[in-house]
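Trainee: The sequence and its predicted three-dimensional model are supplied below.
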Amino acid sequence: MESLKRKSGEEASSESLQPKKKQQSGDGSVLVEEVVGCVHDVSYPEGYVSSASSTELSADSKPAKEFPFTLDSFQSEAINCLDNGQSVMVSAHTSAGKTVVALYAITISLRNNQRVIYTSPIKALSNQKYREFKQEFSDVGLMTGDVTIDPNASCLVMTTEIWRSMQYKGLEIVREVAWIVFDEVHYMRDRERGVVWEESIVMAPKNSRFVFLSATVPNAKEFSDWVAKVHKQPCHIVYTDYRPTPLQHYIFPAGGDGLFLVVDEKGKFREDSFQKALNALVPTRESGRKRDNGKSQKGLLIGKVSEQSDIFKLVKMIIQRQYDPVIIFSFSKRECEFLAMQMAKMDLNDDDEKGNIETIFWSAMDMLSDDDKKLPQVSNMLPLLKRGIGVHHSGLLPILKEVIEILFQEGLIKCLFATETFSIGLNMPAKTVVFTNVRKFDGDKFRWISSGKYIQMSGRAGRRGIDARGICILMVDERMEPSTAKMMLKGNADSLNRRAEDASYALDILTRCAVSNDVGKKQIKIVPLKEPGEPLVVSVPLSQVTSLSSARLNISKDLLPLEARENALKKLSEFISRYANGMPLDPEEMNAVRRLEALENLFEKHEIAKSPLIEQKLKLLNKKEELTAKIRSIKKSMRSSTALAFKDELKARKRVLRRLWFCSNIGCDYRYITSDDVVELKGKVACEISSADELTLTELMFSGVLKDVNAEEMVSMFSCFVWQEKLQDAAKPREELELLFTQLQDTARRIAKVQLECKVQIDVESFVSSFRPDIMEAVYAWAKGSKFYEIMEITRVFEGSLIRAIRRLEEVLQQLILAAKSIAETELESKFEEAVSKIKKDIVFAASLYL
């Protein structure tokens, strides 16, 4: 076994920053930080008048909380907004120190004896924040789908889904909330879960104030405008794209032996170095070689150990150059494990560190049963951890993930292989971040990593006050255009868009633009084709299109490369130059032009054309036209307001609820809503369900299917609602379970067809196939009393994935208990409670180490 040692005295070469603020680094040297300003803007609702009784603190007032360090300018600006009792959105890079603002908001609330809610996107982050806040303030509670601790506390930490659910139920606690902190609010752009954030913000109490913590987004002002409009209160934006620790971006070409600096810490793209990196690229014959070498086994993948593999060479180089700790990001759970197993001959820890790791590991595993301690995932992980190498992904046992997080924070793991979930929320920076791939599968095909995703994940590089700079390394195994690399490494963060955009028509056009990067918002202005500017595809409102040409030009379908856009505009410019007297117009446009010419001829012959008052009358006419257009515009904006934009969809969904009453095979006396939109029996049941498809579950409840099956078969069928991963070649469930699955599919297909007939946009077969039977046998065995290790021998899913599904299943059952109670269905209520008791046990519901 090879034990790697660092080169003594080697330091990363760097250009010094402008000295403004000094800090002591981990190795005793003095680090210099540049104190950089921020952009502070504010959005006011229409007609807002500032209150005379401002809550603004006087200069000599004592702040609610004092920090043992000098605040950055963006932190000071945001805290001033909180002192003034006004909402604020803080947009800054990962690890910039946004939590300081949240801590201040909590302190203000507790000082004023008010209630404060802190929401986060994932349970693991909620658990961590609970632990952190509990050490700072005593009056803190936690509410996730799995755990409830002190739900009457003044400061409540919870997942955003729980907060939305509380608002839907109209609980008394909601009306008491003075401040709401939305951490990682950029989750709002998530295609599936984004609506949770939007609804939570829209339904929040009108007298509450908000703290939005977000990664950098280019349209922060647009978001704050929306909040100000919805809640009729000012919303401040404090934005900074300053990184406390600057980043250097390198490329490691496949088959190469060195690193190539392509973006320096000042953000300059080095095209010559980029070309050298691509020239050093050794093409691989076998596509996807990294993913195919490993053979799947329970626990960790067993791969071919190779000191010649790219990943082994790269990690060895990182350790020797003292660039550790390093997080190596992969977009596949199995590839994470396979790459980690290639480090089998590498040892990064000394004997004392090995002893500490073993002690921490087994003290955490003590809460597991003896059988569960023998799980391959548990037994295979410890030897890896002792060598300073870790794996972190959603397929791991939750307790294993938490142990690995603790070991990484303690500096006992030097090299961590992780999926992108590790970059979200958890404050665990490293010196170096490595990307094993430049493409990511989006469910349809492999695409380049977006600049927003790259910004989020690369933000883990560089530990404030410890590292002079963070290192980002991109492993490239295929040729890429410089423009693609620039867009990935230097592009803007993804915009924060609401899931329910106002209805309006826009056209994507390729044109030349002048771009100015004002901090907080990227300004793009369309300029004439002959003027200097960037060729960009931009969206313009349809109302700005004055005419359409009858000419058609063939241009490249892929306009991502800069060269393709330049060529297309060059082609267009050449075409326009041929028509000095104007472009050929659409036939309808030509008719309009001819009519206009005829009217002008008639006007010139008319006696009024010679009147001395003609100019005055034309001015009045133009004024009248302007006012008429303004009236039309105001009426149009009223019609297309947010409240009315989805009127047609709302009508369609109401039709679905009424139609399902007629379409039920059994229980036709039960309705969702009446003709007057009053919620009826089925509607009351559906209102209680938020963690699975409420219509399908409600129809199953009222069809009588659930009364004819036992608790084990019922939870097995419900597993189809919560399992989302695609499992290749999954074994078919036994006959009685397959029959239940067929009934579920029939119910889902009937509901989807009704929605389609009622003009709701839905793909019937996609909806039906979203219910997957892959873990029906595993859940049935678990409910029957089988041991967890026995279940893992009969299924091919990851342990952590199965545990997550069973925990979600318990959430659904708890909602069904409330649903049955709401309609006094005691028999079903008892069956749901029995089902909960059968699955809520042992390792699946082991307590978090953070609690």
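Mentor: That came through, no problem.

Trainee: State the number of residues packed around the residue nearest to D72 when sequence neighbours are not counted.
Mentor: Closest residue to D72 apart from its sequence neighbours, by Cβ to Cβ, 6 or more residues apart in numbering: G97 at 6.2 Å. Bear in mind the C-beta positions are built from the backbone N, C-alpha and C, glycine included. Applying other Cβ atoms under 10 Å, we find 18 residues neighbouring G97.

Trainee: Distance of G97 relative to S830?
Mentor: Using Cβ to Cβ, to the nearest Å, we find G97 at a distance of 51 Å from S830.

Trainee: Please state the backbone phi and psi of the residue nearest to M188 when sequence neighbours are not counted?
Mentor: What sits nearest to M188 in space, not counting adjacent residues and going by Cβ to Cβ, 6+ apart, is W197, at 4.1 Å. Main-chain dihedrals, W197, degrees, to the nearest 10: phi -70, psi -40.

Trainee: hang on, W197 packs against F182?
Mentor: Yes. W197 is within contact range of F182, at 6.8 Å (criterion: Cβ atoms under 8 Å).

Trainee: Could you pull up the residues touching the residue nearest to D72?
Mentor: Counting by Cβ atoms under 8 Å, 6 or more residues apart in numbering, G97 touches D72, Q75, P244, R464.

Trainee: roughly how far is the longest helix along the chain from the heart of the chain?
Mentor: Determined from DSSP state H, the single longest helix within the chain is helix 614-639. Helix 614-639 has its C-alpha centroid displaced from the chain centroid by 45 Å (Cα atoms, centre = their mean, to the nearest Å).

Trainee: secondary structure class for L156?
Mentor: Classification of L156 using DSSP: H, G, I helix; E, B strand; the rest coil returns strand.

Trainee: Count the neighbours of it for me.
Mentor: With other Cβ under 10 Å as criterion, L156 counts 27.

Trainee: can you give me phi and psi for the residue nearest to the spatial centre of the chain?
Mentor: Compute the mean C-alpha point of the chain, and by Cα atoms, centre = their mean the closest residue is Y187, 3.7 Å away. Y187 adopts backbone torsions of phi -60, psi -20, taken as degrees, to the nearest 10.

Trainee: Contacts only, for K414.
Mentor: Counting by Cβ under 8 Å, 6+ apart, K414 has contacts I319, D324, P325, V326, L348, N349, G388, I389.

Trainee: Closest one to E574 out of those residues, please.
Mentor: Using Cβ to Cβ, V326 comes nearest to E574 of the contacts of K414, at 51.0 Å.

Trainee: Pop out the phi and psi values for the closest one.
Mentor: Dihedral angles for V326 - degrees, to the nearest 10 - are phi -130, psi 140.

Trainee: how close does it get to L348?
Mentor: Using Cβ to Cβ, V326 is found at 10 Å from L348.

Trainee: list the residues that contact both of these two?
Mentor: Common contacts of V326 and L348 (Cβ under 8 Å, 6+ apart): K414, C415.

Trainee: which residues of the stretch 351-500 of the chain score low on pLDDT?
Mentor: 425-426, 442-444, 491-500 (pLDDT under 70).

Trainee: swap the cut-off to 50 and go again
Mentor: 499-500 (pLDDT under 50).

Trainee: ok, which stretches of it are helices?
Mentor: Using DSSP state H, counting those that start in this stretch, the helices found in the stretch 351-500 of the chain span residues 351-365, 370-373, 376-386, 398-409, 451-458, 482-490.

Trainee: returning to that earlier point: for W197 and F182, list the residues in contact with both.
Mentor: Common contact partners of W197 and F182 (Cβ under 8 Å, 6+ apart): T160.

Trainee: where in the protein is pLDDT low?
Mentor: 1-35, 52-59, 285-305, 499-504, 520, 662-668.

Trainee: quick check: longest strand of it.
Mentor: Longest among the strand segments of the chain by residue count, using DSSP state E, is strand 506-518.

Trainee: That one pairs with which strands, and in what direction?
Mentor: strand 521-526 (antiparallel), strand 534-541 (antiparallel) (DSSP bridges).

Trainee: Tell me the buried residues in it?
Mentor: Within strand 506-518, the residues that count as buried by 16 or more other Cβ atoms under 10 Å are L510, T511, R512, C513.

Trainee: nearest spatial neighbour of the third one, skipping sequence neighbours?
Mentor: So that's R512. R512 sits nearest to G533 (Cβ to Cβ, 6+ apart), 4.2 Å away.

Trainee: Enumerate every residue touching the one you found.
Mentor: Neighbour list for G533: R512, C513, A514, V515, V527 [criterion: Cβ under 8 Å, 6+ apart].
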